[in-house]
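Asks: Just to be clear, the model below is a prediction. Sequence and coordinates:
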Amino acid sequence: MALDDVLLEAEERMEKAAEFLKLEFRSVRTGRATTGLIDTLKVEVESYGSTMSLKELANLAVAEGNIIVIKPFDPGTLKDIQRALEKSEIGINPQSDGKIIRLPVPPLSTERRNQLVAHIKQLAEQQKVAVRNARRDANKALEVEKKAKTLTEDDVETGQEEIQKSTDEYCKQIDKLVEEKSKEIMAV
């Protein structure tokens, strides 16, 4: 495996970790209503015999700043959507009028805000571990290539420096994401 291939693979894995964290943060509740809280929610639709994401089953919108409105494309899926929302971990009771579902997003207490900040830090740490694992695997691959004499010691050293730069860069990016999301959560 060439030096560029090892570096590219490590970079891709680190990028995936950061992107995954961004997606995870979308579903973490802040004080504001956002469709990101529920758009990836999986709904078991009995009449279709399959599991689908909520955004495939309904129009999602935010009304009045703190209410998420869910209007199913097929009125027959309303009960399935309501059941999925009740089982989910978002902690908001859905209100249905038979045609649409409303999710009133209540303001967060200070205690709940602190819990959410701790939760996002935990999610971030998991992704930092994924970044460091990518670094470890790339360094191992460089060592294997050095033993096989396909890379010189200078190439391996250069590669390890590049991998460390990428690791530092992605860890900083993850820290920045945590800082931004923490500010968003703590804003009253």
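Replies: Arrived safely, thanks for sending. Residues are numbered from 1 along each chain as shown.

Asks: so what pLDDT did the residue sitting furthest away from the middle of the chain get?
Replies: Distance from the C-alpha centroid of the chain, by C-alpha atoms, centre = their mean, peaks at Lys149 (40.3 Å). For Lys149, the pLDDT comes out at 87.

Asks: Also Lys183?
Replies: Reported pLDDT for Lys183: 90.

Asks: Quick check: which element contains it?
Replies: In the assignment (DSSP states H and E), Lys183 maps to helix 153-186.

Asks: how much space between the residue nearest the centre of the chain and Lys181?
Replies: For the chain, the residue sitting closest to the mean C-alpha position, by C-alpha atoms, centre = their mean, is Glu24 at 1.9 Å. Distance, Glu24 to Lys181, using C-beta to C-beta, to the nearest Å: 10 Å. C-beta here means a position set from N, CA and C on the backbone, and glycine is covered the same way.

Asks: where do the strands sit along the protein?
Replies: Under the criterion DSSP state E, strands of the chain are mapped to 42-45, 50-53, 58-63, 67-72, 95-96, 101-104.

Asks: would JSON lines of those strands with mean neighbour count and mean pLDDT be doable?
Replies: Below are these laid out as JSON lines (neighbours: other C-beta atoms under 10 Å; pLDDT from 0 to 100):
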{"stretch": "strand 42-45", "mean neighbour count": "17", "mean pLDDT": "83"}
{"stretch": "strand 50-53", "mean neighbour count": "13", "mean pLDDT": "84"}
{"stretch": "strand 58-63", "mean neighbour count": "16", "mean pLDDT": "87"}
{"stretch": "strand 67-72", "mean neighbour count": "19", "mean pLDDT": "88"}
{"stretch": "strand 95-96", "mean neighbour count": "13", "mean pLDDT": "87"}
{"stretch": "strand 101-104", "mean neighbour count": "18", "mean pLDDT": "88"}
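
Asks: Among those, single out whichever gets nearest to Ala187.
Replies: Closest approach to Ala187 among these (C-beta to C-beta): strand 58-63, 16.7 Å.

Asks: what is Leu60 paired to in the beta sheet?
Replies: Ile70 (DSSP bridges).
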